[in-house]
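S.K.: with the input below, show me the fold.
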Amino acid sequence: ADAKMQQQMQAAQRQSQKMQEMKMKREAMLKQILSPEANERLTRIGLVKPQMAEKVAEMMLRLASNGQIKSKVSEDQFKGYLEQINKESKPKTKITFARRRFADEDDDSEDYDDM
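M.R.: Model (predicted):
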């Protein structure tokens, strides 16, 4: 049982190491395509909204791999990409009012003429 446990721990360590390497490669690629200001902005977004930072990073890497990013992305260009993602991911807000009716509530049942 000990040997099997040790094998599982080694496998987990290898997996963790692979994940770490992938993350480092990804960060290196982002540094190549983002200006220092844009990269800093991405880091700050990651602190507040990790999912949003993930989406933006994926988009930037996808655009770069497709050859759509020719030079380093400036902070202003980066903001444009952020706005684009914000528009795509914002759910449409819909407000519905549900008015309650009571059992004894009839519009024609009130007769105040005989008071």
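S.K.: Asn39 is in contact with Glu75, correct?
M.R.: No: assessed by Cβ atoms under 8 Å, Glu75 is found out of contact with Asn39, at 9.3 Å. Any C-beta I mention is one placed from the backbone N, CA and C, and that applies to glycine too.
S.K.: compare these two and say which is more crowded by neighbours.
M.R.: Asn39 (20 against 15; other Cβ atoms under 10 Å).
S.K.: distance of that one relative to Met60?
M.R.: Asn39 is 10 Å from Met60, where distance means Cβ to Cβ, to the nearest Å.
S.K.: could you tell me which residues touch both of the two?
M.R.: Counting by Cβ atoms under 8 Å, 6 or more residues apart in numbering, the residues touching both Asn39 and Met60 are Leu30.
S.K.: helix or strand right after the host helix or strand of Gln13?
M.R.: Here Gln13 sits within helix 2-33, counting by DSSP states H and E. Under the assignment DSSP H and E, the closest C-terminal helix or strand after helix 2-33 is helix 36-48.
S.K.: let me know the angle separating that following helix from helix 2-33.
M.R.: Going by axes from the mean of the first three to the mean of the last three Cα atoms, to 10 degrees, helix 36-48 is angled at 140 degrees with respect to helix 2-33.
S.K.: buried set for whichever helix or strand comes after helix 36-48?
M.R.: Sequence-wise, the next helix or strand downstream of helix 36-48 (DSSP H and E) is helix 50-65. Using 16 or more other Cβ atoms under 10 Å as the test for burial, helix 50-65 gives Met52, Ala53, Lys55, Val56, Ala57, Met60, Ala64.
S.K.: likewise stretch 70-81?
M.R.: Using 16+ other Cβ under 10 Å as the test for burial, stretch 70-81 gives Val73, Phe78, Tyr81.
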